[in-house]
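1. Fold the stuff below for me.
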Amino acid sequence: MAVIDSKGGIHGTAGSVVYRSYGGMNIVQSRPRRFKQTQASQEAAGEFGLISQASKVIREAFRPFYHHFHDGGMVNRMTAAVSRSIRGSRSRERGERDLHDGELSFLEGLEFNENFKFSQALQFKPQVKRNEKGQVSISLPEIYSRRDFVTPFRDNGKVKSFRLSFVLAGFNFREKFYEYIGEKSVSIHVGSVTAARELVFEDEVPKGCLLLVLGMLECTDMNVYKNQLESINSRDFNPVSLIAAFQSEDEAEAGYGESRAILHDEEATATGIPTRTQLMAGYRGNDFLSSMRNQKEAPAGQQKTSKADGSPGLSDQERQQQLQEMEQIVKEKLRQMSEQSAIATREAVDLSKLIKKRVDF
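-> Numbering: from 1, shown residues only. Presented below is the predicted three-dimensional model:
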């Protein structure tokens, strides 16, 4: 129903038209209507949603390390890199592919803050590879802090040392979980020289996970009250980058992600250490791929051309509801396991195998 306001403007709908006011003018438009989507348009819209959600998962996974010190273009750069990776797949077509099928080299070199790039702060390039055991290793040359690190604090004497860190995380979008596999850090005092070395992530790599390696450089100063070194990085200086990416070398069975999350949640409860495994509660890319697969397998006369129900877009309310449902499922399974058998006292977990490992030299 259309109404006339106190100023004589008409607002609302009447039949097939919509009335509104803009800039003192009355505007009449045709009423929007629902359009049917073809298979191609559903695939395009659904894949864009999958790309956006995969990008968000990666950003959220690494947020504890870059914090909020990213530049304004980071989100768009990440989404563009994930898009190029997925669309660069040589094995599957649109509507069938996700990041596990993509060309991950497009993610390498992605900067989280272009105000001061990781590649700009380091005057050498860490060499990253996977060995014959499937472990990720990082080779560092001899490092002389005054020569090999470039920072805006170079001449003010504020920096006491540098902390060069690398984080390895595994992502399994098909089982909807990611896991922090480990962190390696080297602390280097200003003016000192460290010998060349190789850092090896020896912890288990979860099944079916593609691997991303994050590199970051922190400048530290002494907090005299706490008597400890603290990072003085800021939005203007926070060199963080994805320096390597590796595709998964195996497949995980159905339910692997949830069972692994339950296992690590039990470990976290027993030790008081935050869990390393996180579920991708808001990721619906698998639903989209399943919907497209079902449509292609259906007889020609039964294929739907209506709205893209498989599109993985989520509202904030839907995402929150799905997260709560997933958490409830995990809690219920933990309760059932506790009732079936008493949880034995576990041996203390080796802290060097968990996140936050620091190796000072």
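2. Apart from its neighbours in sequence, what residue is nearest the residue nearest the centre of the chain?
-> The centre of the chain sits closest to I58, judged by CA atoms, centre = their mean, with a distance of 0.8 Å. Leaving aside its chain neighbours, I58 sits nearest to M78 (6.6 Å; criterion: CB to CB, 6 or more residues apart in numbering). C-beta here means a position set from N, CA and C on the backbone, and glycine is covered the same way.
3. One more: V18?
-> That would be Q29: by CB to CB, 6+ apart, it lies 4.9 Å from V18.
4. Specify the local secondary structure of that neighbour.
-> strand (DSSP: H, G, I helix; E, B strand; the rest coil).
5. Please report the confidence value the model assigns to it.
-> Here the pLDDT value assigned to Q29 is 80.
6. got it, and the one 5 residues further on?
-> The predicted local confidence for R34 comes out at a pLDDT of 72.
7. Make 41 the first number, not 1, from now on.
-> Got it, the first residue is 41 from now on, which makes the last one we talked about R74.
8. what are the ranges of the strands in the stretch 41-190 of the chain?
-> Assigned by DSSP state E, counting those that start in this stretch, the strands in the stretch 41-190 of the chain fall at 43-44, 50-54, 57-62, 65-70, 167-170, 176-180, 183-184.
9. if you average pLDDT over the longest helix anywhere in the chain, what comes out?
-> Secondary structure of the chain per DSSP state H: the longest helix is helix 79-106. Averaging pLDDT along helix 79-106 yields 93.
10. where does the stretch 191-340 of the chain dip in pLDDT?
-> Counting by pLDDT under 70, the stretch 191-340 of the chain has low-confidence residues at 194-196, 340.
11. can you map out the strands along it?
-> Assignment of strands within the stretch 191-340 of the chain using DSSP E, counting those that start in this stretch yields the ranges 201-212, 217-229, 233-234, 237-241, 250-263, 268-271, 280-286, 317-319.
12. Direction included, what does the fourth one pair against?
-> According to DSSP bridges, the neighbouring strands of strand 237-241, each with its direction, are strand 176-180 (antiparallel).
13. Now do the partner strand: distance to the chain's middle.
-> Distance of strand 176-180 from its chain centroid, counting by CA atoms, centre = their mean, to the nearest Å, is 22 Å.
14. which residues are contacting it?
-> 164, 166-171, 204, 206, 208, 224, 226, 236-241, 251, 253, 284, 286 (CB atoms under 8 Å, 6 or more residues apart in numbering).
15. Give me the buried subset of the residues you listed.
-> With burial judged by 16 or more other CB atoms under 10 Å, the buried subset of the contacts of strand 176-180 is 166, 168, 204, 206, 208, 224, 226, 239, 241, 251, 253, 284, 286.
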